[in-house]
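Novice: missing the sequence, but the structure's below:
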């Protein structure tokens, strides 16, 4: 299996404390840097400050939700890889996110190895 670039940096935005702690700990283990936010506004501020290589965010984060945050991020950098995590699996929803330029969508609950594979795919496409 391919490994993640050692210099890969990610922003992870999740409002659920338990999920955020678990996934952020895993990201810390596999990535060079992990920036963590519990809401969309903080996520946008952190992105502007650190310009990570990939963004992983929950679709339902207050007050700036995942779609709104993705739009703001794409205004700053159209090529930024964004991985959305969500409990929704409706086909039309997935198409709308794909049309926005979202790189990948992971349906919750997801295996951490699947997230790793998604990050590898994103960084290979945008390197």
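Specialist: Yep, it's here. Since the model is a prediction, treat every value here as computed from it, not as a measurement.
Novice: can you pull the pLDDT of the residue nearest in space to the middle of the chain?
Specialist: By Cα atoms, centre = their mean, the chain has its centre lying nearest to residue 56, at 0.9 Å. According to the prediction, residue 56 has pLDDT 97.
Novice: ok, now the one 5 residues further on?
Specialist: The per-residue pLDDT reported for residue 61 equals 91.
Novice: if we can go back for a sec, phi, psi of the residue nearest to the centre of the chain?
Specialist: phi -120, psi 120 (degrees, to the nearest 10).
Novice: residue contacts, it?
Specialist: 10, 11, 12, 13, 23, 27, 82, 83, 85, 115, 119 (Cβ atoms under 8 Å, 6 or more residues apart in numbering). Every residue, glycine included, has its C-beta placed from N, CA and C.
Novice: So what sits opposite it in the bridge?
Specialist: Per DSSP bridges, the residues bridged to residue 56 are residue 12, residue 83.
Novice: before we move on, the earlier item: if we only consider the contacts of residue 56, which is nearest to residue 106?
Specialist: Among the contacts of residue 56, residue 85 lies closest to residue 106 (Cβ to Cβ), at 4.9 Å.
Novice: Which parts of the protein are helices?
Specialist: 17-30, 40-50, 66-76, 91-99, 112-125 (DSSP state H).
Novice: can you put the ones you listed in CSV and add distance to residue 60?
Specialist: Converted to CSV, the helices of the chain look like this (distance: least, Cβ to Cβ, whole Å):
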stretch, distance to residue 60
helix 17-30, 12
helix 40-50, 10
helix 66-76, 7
helix 91-99, 12
helix 112-125, 18
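Novice: By mean pLDDT, show me the worst of these.
Specialist: Lowest mean pLDDT within the helices of the chain: helix 91-99, a mean of 76.
Novice: Now do it: distance to the chain's middle.
Specialist: Relative to its parent chain, helix 91-99 has a centroid offset of 16 Å by Cα atoms, centre = their mean, to the nearest Å.
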